[in-house]
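J.: A predicted structure for the sequence below; I have some questions about it.
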Amino acid sequence: MAGLWVGTAALVAAGRRGRWPPQQLMLSSVLRTLKHVPHYSRQHLMVSRNLGSVGYDPNEKTFDKILIANRGEIACRVIKTCKKMGIKTVAIHSDVDASSVHVKMADEAVCVGPAPTSKSYLNVDAIMEAIKKTRAQAVHPGYGFLSENKEFARCLAAEDVIFIGPDTHAIQAMGDKIESKLLAKKAEVNTIPGFDGVVKDAEEAVRIAREIGYPVMIKASAGGGGKGMRIAWDDEETRDGFRLSSQEAASSFGDDRLLIEKFIDNPRHIEIQVLGDKHGNALWLNERECSIQRRNQKVVEEAPSIFLDAETRRAMGEQAVALARAVKYSSAGTVEFLVDSKKNFYFLEMNTRLQVTTTMHTKKVTTSGALIVGSVTVPSPKQRQHTGRGWQMSPKQRQHAGRGTSPAPVLSDCTEPKAEADDFPVTQLLILKVLGIIRFNLTCADLYFKDCASFPLNFQDPYKSFGLPSIGRLSQYQEPLHLPGVRVDSGIQPGSDISIYYDPMISKLITYGCDRTEALERMADALDNYVIRGVTHNIALLREVIINSRFVKGDISTKFLSDVYPDGFKGHMLTKSEKNQLLAIASSLFVAFQLRAQHFQENSRMPIIKPDIANWELSIKLHDKVHTVVASNSGSAFLVEVDGSKLNVTSTWNLALPLLSVSVDGTQRTVQCLSREAGGNMSIQFLGTVYKVNILTKLAAELNKFMLEKVTEDTSSVLRSPMPGVVVAVSVKPGDTVAEGQEICVIEAMKMQNSMTAGKTGTVKSVHCQAGDTVGEGDLLVELE
Amino acid sequence: MAAALRVAAAGARLGVLASGLRAATRGLCSQATSVNERIENKRRNALLGGGQRRIDAQHKRGKLTARERISLLLDPGSFVESDMFVEHRCADFGMAADKNKFPGDSVVTGRGRINGRLVYIFSQDFTVFGGSLSGAHAQKICKIMDQAITVGAPVIGLNDSGGARIQEGVESLAGYADIFLRNVTASGVIPQISLIMGPCAGGAVYSPALTDFTFMVKDTSYLFITGPDVVKSVTNEDVTQEELGGAKTHTTMSGVAHRAFENDVDALCNLRDFFNYLPLSNQDSAPVRECHDPSDRLVPELDTIVPLESTKAYNMVDIIHSVVDEREFFEIMPNYAKNIIVGFARMNGRTVGIVGNQPKVASGCLDINSSVKGARFVRFCDAFNIPLITFVDVPGFLPGTAQEYGGIIRHGAKLLYAFAEATVPKVTVITRKAYGGAYDVMSSKHLCGDTNYAWPTAEIAVMGAKGAVEIIFKGHENVEAAQAEYIEKFANPFPAAVRGFVDDIIQPSSTRARICCDLDVLASKKVQRPWRKHANIPL
C-alpha cells in the first residue's frame, strides 16, 4: 500500500487545481486505523486480497497547503493525513501551546494569541491573518472551536479560502439548536418537547420550565459537547442553571443564548452518522452508542449498540437522512438521538462538523462496514463546488443511500480494508466488519473517584456535582500500542502540559475485537498498559465500567454512572483472590527493592556482609486492614504466603520500567508501581485502580503500633481552590452567614465552571479572592468562622 | 533540664525494688555462678534501660526506645554492642546508690550494618535519667566515634536526651566537649548523621550541628539552645517548644535540620534509604548500587520542559527526576531556601550530588540562605568523593538592602568558594538563564567544571536584555531594536560556546546519556592542590 502514496507528491507539486479526491485522505486514515488490526484467518486474508486495489486516484488534485484551525489530537490527525498526501500544513497555536505536538508536526505554525481560547483558537481575526500570511488554500476546522462557526465560514468565503466542512447554510441551520429543532420538526423527525426560542432571563426560564414540566434541560443554543448544559429539577435549580450555563456558554462559544427542553429521564444516547452530497443524495451508516457520559460528555462509546433492533435502527437512520436532506447536507455529520427504554427516539442535535470525535470514523469502518474516516480530511463537497465540479456520490453509493444503509452484514473477522479505484470508499468497504469497538475518552479528571455520584445527571445536589479536571505535566506517558487491536488518538507526548485553558482530554483509546468480548478484553489490557504519570486520570473508572456486569450485558443509559456508583466511584472492589494477588505482588516488589538495596559494586576496602533473610515476614496494610505475609525467593520467583494462602509470583523485577508484567499463579497481570517511599508506602495500579499499601517488616509493624495518629486539619472551615483556575464570581463577603452547601464562589477551569460551596454552616471570616483572580491548587479562597 | 531530673528521680524509685531482690539472691550462690548471674542480670537490666514503666511512658509519647530504634535501623542481627556494662561514676546527690546505676547508662552504643554496610551508632536512652549526658555516656559515644574514624565508617547518632547530667557538673560539660572535638576530627573523614528523635537542648545541640546531616522527627523532636521557659524569662516571648525548635521551624525557617520525617519508624526507614547514598569514608568512592535504568535512556520530555518565554517558571525537580536513575531523588532541605535544590540521586547506579536552581521559587535567584545551603552540600559531596551535577537557571543574586545588610557578599562567596574548591567530577548543565556573577558561581567552566553543557534554551550573559539595554544604549531612542539586538547576540548559548565556556550545546533529551557517559570517564579524575593547613572559606 505504501507505494500508493508515491505519486501524490508529484501531483501536488504540479500545482494543478483539479478534483479533490476524498479517497486519498480516506485511505491514509484507514491505513493508520487498521495497522493494529491483526489478521485472524487465512480466509479473510484471501478476502482482502481479492478486494485489494487502490486507495485513491493519484491523478486527483489536492491542496498545496491547508491550515488547521485546531489543536491537540484532531490537529495531529489531520496533519498526519496531510503529510501522507503531500499537502503542506499550517498549525495555529496559542502561546502556551507553542511546543505542543501539533505545532511540531506541522510544516508551519502561527501563534494566534494568548492561552484563553477566545483570544486564540476562537480568534477569527488572528486566524484569518494567519491564513493570509501563510497563503493556505483551505482551512480544516477539526471539531469544537470554529468548526461550526458560521461567521468563520463566512469570513473564509469572503477571502476565497475553502472551509473543509459542510455549507455555511447547514452549519447555521444545525449549529443553532433552536433553528435545528424547528427544521427537524419540519422534516418530521421526532423531537423533544420544549421551548423553541431563546430564553431571555432566569425568570423566563423558570416560567418555561414549569410549562414543560420538570425535569428540564437548559442548554446553550450554540453549544455542544456538554458545555453550558445543565439539568434542573426545580425553580431554584433552573435559576442557578441558567446563570451558570449562560456564563459558560459565553466563555466557550461567545454566545450566551440558552434554550430549555424537557429532560428525557434515563435515556440512551445513540447517534447516527450521515453522509450527504451536493445532488441531494444522503445515506446513513450505523449508530454509535454513547450513553455512558459524565457531565453530558461522552466517556465510553461503542458500536454497534447492542440495544437497537434492526427496525429502530432503520427508523432512526431514515429520519437522520430526512433531516440531512432537509438541510441539503453535503458532508459528513452526526445526528444525535436520545432513545428511551421503549426505543422511542428523539432528535437531539446534529453535529455538522465531521465528527467531534474523529475516532468514531474508525468505528464506522468496523461496524457498518463503511468507511468515512477519510472524510475528516476530505476536501469537502464545497470545494468541489468551488472548482466547479460538485461532489457526487457514485452510483453505488446512491444505491446505497437510496435504500438507506441497513446494518451491514456481520463478519466474524477483521480484514484490512481495501478500496476499489474510482469508488467512494463508503460503499466499498462494507465487507469490513469488526464488532465491538469501544472508544474511551481519557480525560484527566481526578474526581471520578468521589464524584461520580454527583454525576450531573443526578441533580439533586448540583452544587456538589462537579468533576475537577486535573492539570499538570505528563512526566511519563506511554501508549499501549504494543498490544494487538489497540489504537490511540492523542495530541500529546511525554512532557506535555495539560493546561487549564483547554479540554482535559488526554487521548482516545480504541480497541478492536472480532466480537464484543474480545474488544473488551483488549480494552482492559490496554488500560492496564497505559502509562500516564503526572496528571490524574480516569483509567480506574473506565476499566471498572467495561467489566461492570450491567455494561457487559448492555444494560446502560446516560445515568449509568450515577446508577452504578450512587455513593461515588471508589475504585475497583477486589475479590478475595484479587486481593491476595495484589498483596503478593506488592510484597514481592517490596522484597525485590530491599534485595536490590544490598547490591553494591563490591568495594574492596570494606567488605559488605549482606543480611541473610530466608523468609521475609511482612505486614501489609491495605484499606486499613493489616495482612500478614511471608515471602521467600529463589531468583526471580517468589513464594508468597498471604494470610495463609500460598501464591507463586514471577516477574523480571525490572524496577526501572513503568510497567511490570507479573505472573501470579499463572495469571498474567500488568501492574504499575506509581510511587514508593522508604517509610513503606507504595502506590500500585492494579486492575486499573491505584491501591495504596503500606508494607513494613514484622518488626517495624510491631513498633509502628506505638506511633501516634497525626491530627488532620479541619478543612470544613477553610475553602481552598481544588484546582488551578480563574475565579469567575464570589458570592459572599466577610460577615455573611452561609449555609452548608451554599455557593461561595465559582472557579472556571478547563472551560468548566465549578461552584465552590461551604463545607459547613457559619459566618464568613475572610475572603481571599475576587472575580478575575487566577488561583492555584490549594490556594485559600474563603475562611469561615 | 528540669524534665531530665524528674525522669531521673522516677527511674531511681523504680530501681529500689529490683536491686533489693538481686541482693537477696546473690548470697545463696557460689562465686562463679554469681558472676555469671550478675552478668546475666546486668545484661537483662541493660536491655530494659530505665525499666518497663519508663519504656511505656516513652511509647505513650509515640517514641521508641533506644534499642528498638537500633533494631529498626540496622540489618537484623547485625548490631554489636559495646560498653553495655559501663555505669556512671557520679557519687554526689545519692547517685552512687545501686538504684541509680543502670548498666550501659543513658546511651546504647555499638556498630552494625545497614544493607550490609558497616556503621557505628549511638542511641540515647531517654528512659535512663531522661537520656541525660553523663561523663560515662560521653565516653561511650567517644569510643565508637574513635573507632569509626580509625576504621573509616560513618557514625549515626540517634539523639533523645534531656541535656547535661546536672549531678555530674563539669564532667558532663567536658563530655560534650569531648564529643564536639571528635565531631570535628571526624568531619570530612567519615559521614556523620544525626537523627533528632526527642529533645536535644542546650550545649547538646552543637553535636548535631557539627555533623553532616541533621534529621528530625515531626512533633516529637526539638532542638534549641534554651527552652521556652528561659526564653520567657529573658526576652518575655511566649513561644511553644514546637514553634521554638520543632521540626517545622528547623526545616523551614532556621535551616538547622535537613529534613523531617513523620515518626520514628518512618525516620529510621528513611535513614536506611539515605545511608545507601553515602560512601563509608573519604577513602571510598561514591557507592555504586545495582541499577535497572539504562544509562543511555533518552528523555524526550525534557525537550519541551523549558518554557519559551524566559519569564515563565518551570519545576527544576522535574528535570532532576527525569535525568536520574528511576526518578529517585533524596532531597536535602526541601523546605528551606527553596530557590536552590540540593540532594542525592544516582546516575547509572553511582551516587551523585545534585545542585539546581529552582525557577519556581524567587526565579531561582541566589540569596544568602540558598548560597549557604548550596555551599554546605557541595562541600559534603567534595569531601566524600560524590560527583556533582549542577543544573543552572539563575537570573543572578537577589538584590536589596535585606540581602546586602545580611551579608550576601560573604555568604554568596561561600557557594563560589565551595564550587571552586571541589575536586570531584563536576558536570554542569545550563538549562536557561546563567546571568552575571551567579553564572560564574554555579559550577562554571572557569571554576574547573569538568563538563559544561548548555541546552539550546540557554542564555549566558551579564544580565537580562532589558537591564543591559538600559545601560548600553542609555538615551538611545529605539529601545526595542536595541533590545532585539541584545537578545539576538546574547540570549542564546553561542557566545559561551564559541569561547569554549560550554563544551557542547546538547539536546535536552540526551542529557542523561551524556552525563552518565561523562561520569564514567571522570571516575578516575585526580586533582593536585598546593599544600595548605586548611583552606579559609569565608564563614
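T.: Arrived safely.

J.: quick one, longest strand in the chain?
T.: By default, I'm working from chain A. The residue-count maximum for a strand in chain A (DSSP state E) belongs to strand A:282-294.

J.: I was after chain B.
T.: Ranked by residue count, the top strand of chain B under DSSP E comes out as strand B:426-435.

J.: That strand packs against which elements?
T.: Applying 3 or more C-beta pairs under 8 Å, 6 or more residues apart in numbering or on different chains; DSSP states H and E, we find strand B:426-435 packed against strand B:388-394, strand B:451-454, strand B:459-461, helix B:511-522. For every residue, glycine as well, the C-beta is placed using N, CA and C.

J.: What strands line up against it, and which way round?
T.: Next to strand B:426-435 in the sheet, as set by DSSP bridges, lie strand B:388-394 (parallel), strand B:451-454 (parallel), strand B:459-461 (parallel).

J.: Most tightly packed of those strands?
T.: strand B:388-394 (a mean of 27; mean count of other C-beta atoms under 10 Å in any protein chain shown).

J.: Output the set of residues of the stretch 551-700 of chain A in proximity to chain B.
T.: Residues of the stretch 551-700 of chain A that fall close to chain B, judged by C-beta under 8 Å from any C-beta of the partner chain: A:596-601, A:603, A:605-606, A:608-611, A:613, A:654-657, A:677-680, A:696, A:699-700.

J.: Got a quick ChimeraX command for the buried subset of those?
T.: Under the burial definition 16 or more other C-beta atoms under 10 Å in any protein chain shown, those of those that qualify are selected in ChimeraX by:
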select /A:597,598,599,600,606,608,613,655,657,678,679,680,696,700
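
J.: Tell me the gap between the helix or strand containing B:S172 and the middle of its chain.
T.: B:S172 is part of helix B:170-186 when elements are defined by DSSP states H and E. Centre-to-centre, helix B:170-186 and its host chain are 20 Å apart (C-alpha atoms, centre = their mean, to the nearest Å).

J.: Enumerate every residue touching the one residue in the stretch 301-450 of chain B that gets nearest to chain A.
T.: Here the residue of the stretch 301-450 of chain B nearest chain A is B:E301; by C-beta to the nearest C-beta that distance is 3.0 Å. Listed by C-beta atoms under 8 Å, 6 or more residues apart in numbering or on different chains, the contact partners of B:E301 are A:474-477, A:493-495, B:322, B:509.

J.: pLDDT at it, what is it?
T.: pLDDT for B:E301: 90.

J.: and B:H446, how many neighbours does it have?
T.: Residues within reach of B:H446, counting by other C-beta atoms under 10 Å in any protein chain shown, total 11.

J.: Is it part of a helix or strand, or is it coil?
T.: helix (DSSP: H, G, I helix; E, B strand; the rest coil).

J.: With adjacent residues omitted, what lies nearest to it?
T.: B:D440 (6.1 Å; C-beta to C-beta, 6 or more residues apart in numbering or on different chains).

J.: mind checking which helix or strand that neighbour is in?
T.: Taking DSSP H and E as the criterion, B:D440 maps to helix B:436-441.

J.: what's next to that helix, contact-wise?
T.: Residues contacting helix B:436-441 (C-beta under 8 Å, 6+ apart): B:365-366, B:392, B:394-397, B:412, B:415-416, B:419, B:446-447, B:460, B:462-463.

J.: May I see the PyMOL selection of the buried members of the residues you listed?
T.: Here is the PyMOL command that picks out the buried ones among the contacts of helix B:436-441, judged by 16+ other C-beta under 10 Å:
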select buried, chain B and resi 365+366+392+394+395+396+397+412+415+416+419+447+460+463
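
J.: For the residue of chain A found nearest chain B, what are phi and psi?
T.: Closest residue of chain A to chain B, C-beta to the nearest C-beta: A:G495 (3.0 Å). Main-chain dihedrals, A:G495, degrees, to the nearest 10: phi 100, psi -10.

J.: Report the contact partners of it.
T.: So A:G495 contacts A:473-475, A:477, B:300-305 (C-beta under 8 Å, 6+ apart).

J.: Could you turn the buried ones of these into a ChimeraX selection?
T.: Listed next is the ChimeraX selection for buried residues among these, using 16+ other C-beta under 10 Å:
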select /A:473,474,475,477 /B:301,302,303,304,305
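
J.: Which member of the contacts of A:G495 is positioned nearest B:K218?
T.: For the contacts of A:G495, the minimum distance to B:K218 (C-beta to C-beta) is 27.4 Å, reached by A:S475.

J.: Grab the nearest non-local neighbour of the closest one.
T.: With C-beta to C-beta, 6+ apart, the residue lying closest to A:S475 is A:G534, at 3.6 Å.

J.: and that neighbour, what does it touch?
T.: Residues in contact with A:G534 (C-beta under 8 Å, 6+ apart) are A:472-477.
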